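K.L.:
Predicted model follows, preceded by the sequence.
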There are 2 protein chains.
Amino acid sequence: MRTKRKEEEITKTRDAILSATEKIMREEGYAAVSSRRVASVAGLKSQLVHYHFGTMDDLFLALFRRAEAEYFERHTQAVISSNPIRALWALSIDRQGMGLIFEFMALANHRDIIRKQIAESKIRIRTMQVAMLTRALEGNDALSDICAPNVLSVLIAGTALQLITETAIGVSDAHADTLAFADRLIGMIERENSAKKTRARKRPAGANKLSA
Amino acid sequence: MRTKRKEEEITKTRDAILSATEKIMREEGYAAVSSRRVASVAGLKSQLVHYHFGTMDDLFLALFRRAEAEYFERHTQAVISSNPIRALWALSIDRQGMGLIFEFMALANHRDIIRKQIAESKIRIRTMQVAMLTRALEGNDALSDICAPNVLSVLIAGTALQLITETAIGVSDAHADTLAFADRLIGMIERENSAKKTRARKRPAGANKLSA
DNA sequence: GTCTATAGGCCGATAGAC
DNA sequence: GTCTATCGGCCTATAGAC
C-alpha cells in the first residue's frame, strides 16, 4: 500500500511536468519551454524537472512519446470506424490534436533526436493510413485510377496541415469551401463503398474476387 | 561621392545582419537567433544589431519583409508565365524558398506582430493565386465543377507544405508518386487549355463568351 | 556607426543536505 | 523525491566615449 501510494505520487509529478510542458508548448511555442518555466507552471522546483527527466531533450522526447501514443490510439480508432476516411479527415483537421505536432516539427528542424522520433512516428501512421485507404478505394476504379492510396494520404495530411496552420495565424480564406469540397468527396467515396457492399451481399461470398 | 560610400556601407552592414539572421534561421531554427549569434556570424559586435534594427522583433520583421518581397516577386513571375500552374507548383515545392516561411510560421505562433505580417502576406499571395487559377480553369468544366480555384489554391499549398516538412524530417514515402500525380494533373489542365486556345483562335474574337 | 562597459535577467545542470 | 545553494553561460538592451 505504501509503495502504491509512492508510485502514484511519482507518476503524478511526472505527469504534472509533462502536462505543464505541453501547455507551454501549445500556448507559447517550444522555445518558451525551460525547466524553470515548466516547474513554475506545474508548481514545482525546476530541479525536479531534471531529476525526473534528465536533459531538456529527454523531457521533449518523453512528451512526444506520450502525445504520440494518444494520437496513434485515436488514429487506430479512426481507421477501424465505419467511415474511416471521414474519421481520418476529422482527426487530421483537429487543431487540438495537431497543435503539438506542429511545434514538434519546428523543434525537429534543429534537434536531431526529436527529428528521428517524428520520422518514425510519421512512417508508422502513414503505413496505417495507406492500408486503410487501399481497402477503402478497393473496387472504386474511378478514384483509384487517378489517385493511389499513398498519394491520397499525402493530400489529406497536407490539406489538413494547411488549414490548421492558416487558422493558427488568423487566415480562414477559402476554408469553408475547402471543407465543403472534402465533405463532398468523402461522401462520394462512402456512397460508392456502401453500394459495393450491397452488391457483394447479394452474391455468394468470394464471388466478386478471384482469390481469398 | 562620400555620402554614397557611406550609404553603401550602412546598407552593407544591414544586409550582412539580415543575411546572417536568415542563415541561422534556416540552419538552426528561429530559436537560435540572438543578437550575439547574428553578430558573430556576420563578423560584427552584437550591439550593432540593436543599433540598426532595434529589438529582435524588429529584426525578424525586417527579414520577413525582405524575404516576402523576394517571394512575392517570384510568385508574380510564376503567375504571368506561360504555364502558370506548373510554375506555381514548382515554386511551392521549392525547399530553398519555403524553408524560411516554415520558421516564420513557427515564430508567428507566439509573436503576435510576426503573426499579423504573415497573415497579410498570405492573403496577398492567396488572392494572386486565385485570380490566376480562375483564369486557368476558365472553360475547363470537368475540373472546375469539382474544385473551385480557391480550394485548388489550398490543395496546392497544403500538398507542397506536406512534402517540404516531410523532406525536412527525413521522410520521403510516397513523394515520388505524389509528384507524378501532380505532374499528370497539371499536364491535363495544360493540354485542355491549349486546346481551348486553339479553338478560340479559329473563331471570331469574343464568340465564345457572352460579354467582354 | 562603431566601440567598451555594464545592468539585469533567464538558462541548463549539478552537488549535497534531508 | 524534494529541498537549498550555486556555477557558468548566454540573453536583450542601454549608456556613453570616440
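P.N.:
The structure has been received and is ready for your questions.

K.L.:
Domain map for chain A?
P.N.:
A:1-54, A:56-201 (automatic domain parsing).

K.L.:
Mean pLDDT lowest where, among the ones you listed?
P.N.:
Mean pLDDT values for the domains of chain A show the minimum at domain A:1-54, a mean of 89.

K.L.:
Mind checking if stretch A:18-33 is in reach of chain B?
P.N.:
Yes. Applying Cβ under 8 Å from any Cβ of the partner chain, one finds stretch A:18-33 touching chain B at A:Glu27, A:Glu28, A:Gly29, A:Tyr30, A:Ala31, A:Ala32. No exception for glycine: its C-beta is placed from N, CA and C like everyone else's.

K.L.:
sorry, back to before: the domains of chain A into TSV, with extra columns for mean neighbour count and distance to B:Thr21?
P.N.:
Output for the domains of chain A, formatted as TSV (neighbours: other Cβ atoms under 10 Å in any protein chain shown; distance: least, Cβ to Cβ, whole Å):
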stretch	mean neighbour count	distance to B:Thr21
domain A:1-54	16	15
domain A:56-201	18	15
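
K.L.:
possible to save these as JSON lines with distance to B:Leu152?
P.N.:
Compiled in JSON lines, the domains of chain A are given as follows (distance: least, Cβ to Cβ, whole Å):
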{"stretch": "domain A:1-54", "distance to B:Leu152": "31"}
{"stretch": "domain A:56-201", "distance to B:Leu152": "9"}
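
K.L.:
Looking at the ones you listed, which is nearest to DNA strand C?
P.N.:
domain A:1-54 (3.0 Å; Cβ to the nearest atom of the strand).

K.L.:
hmm, the closest one in reach of DNA strand C?
P.N.:
Yes. For domain A:1-54 and DNA strand C, the contact criterion (Cβ under 7 Å from any atom of the strand) is met by A:Val33, A:Ser34, A:Ser35, A:Arg36, A:Arg37, A:Ser46, A:Gln47, A:His50, A:Tyr51, A:Gly54.

K.L.:
Just the ones of the residues you listed in helices?
P.N.:
Counted as lying in helices by DSSP state H, out of the residues of domain A:1-54 next to DNA strand C, are A:Ser35, A:Arg36, A:Arg37, A:Ser46, A:Gln47, A:His50, A:Tyr51.

K.L.:
Pick the one among these closest to chain B.
P.N.:
Proximity of those to chain B (Cβ to the nearest Cβ) peaks at A:Arg37, which lies at 12.5 Å.

K.L.:
check which helix or strand covers the nearest residue to the closest one once chain neighbours are set aside.
P.N.:
Leaving aside its sequence neighbours, A:Arg37 sits nearest to A:Ile24 (Cβ to Cβ, 6 or more residues apart in numbering or on different chains; 5.9 Å). Here A:Ile24 sits within helix A:2-28, counting by DSSP states H and E.

K.L.:
packing partners for that helix?
P.N.:
Helix A:2-28 is packed against helix A:35-42, helix A:46-53, helix A:56-79, helix A:95-108, with contacts defined by 3 or more Cβ pairs under 8 Å, 6 or more residues apart in numbering or on different chains; DSSP states H and E.

K.L.:
for DNA strand C, what are the nearby residues on chain A?
P.N.:
Residues of chain A lying near DNA strand C (Cβ under 7 Å from any atom of the strand): A:33-37, A:46-47, A:50-51, A:54-57.

K.L.:
Now distance to B:Val79 too, for these, in CSV please.
P.N.:
Shown next, in CSV, are the residues of chain A next to DNA strand C (distance: Cβ to Cβ, whole Å):
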residue, distance to B:Val79
A:Val33, 40
A:Ser34, 44
A:Ser35, 48
A:Arg36, 49
A:Arg37, 44
A:Ser46, 52
A:Gln47, 56
A:His50, 53
A:Tyr51, 57
A:Gly54, 51
A:Thr55, 48
A:Met56, 44
A:Asp57, 43
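
K.L.:
So which of those residues reach DNA strand D?
P.N.:
The subset of these within reach of DNA strand D, by Cβ under 7 Å from any atom of the strand, is A:Gln47, A:Tyr51.

K.L.:
ok, back up a step: now for the residue nearest to A:Arg37: which residues touch it?
P.N.:
Neighbour list for A:Ile24: A:Ala32, A:Val33, A:Arg37, A:Val38, A:Val41 [criterion: Cβ atoms under 8 Å, 6 or more residues apart in numbering or on different chains].

K.L.:
Excluding residues flanking it in the chain, which one is nearest the most centrally placed residue in chain A?
P.N.:
In chain A, the centroid-proximal residue (Cα atoms, centre = their mean) is A:Tyr71; its distance is 4.6 Å. Counting by Cβ to Cβ, 6+ apart, A:Tyr71 lies nearest to A:Gly97, which is 6.3 Å off, once chain neighbours are set aside.

K.L.:
Could you do A:Asn150 as well?
P.N.:
Leaving aside its chain neighbours, A:Asn150 sits nearest to B:Ala174 (3.8 Å; criterion: Cβ to Cβ, 6+ apart).

K.L.:
hmm, back to that, identify the farthest-apart pair in the ones in helices among the residues of domain A:1-54 next to DNA strand C.
P.N.:
The most widely separated members of those, counting by Cβ to Cβ, are A:Arg37 and A:Tyr51 (16.6 Å).

K.L.:
distance of A:Ala106 from A:Ile186?
P.N.:
Counting by Cβ to Cβ, to the nearest Å, the gap from A:Ala106 to A:Ile186 is 30 Å.

K.L.:
for A:Ala87, same thing?
P.N.:
Distance of A:Ala87 to A:Ile186, given as Cβ to Cβ: 10 Å.
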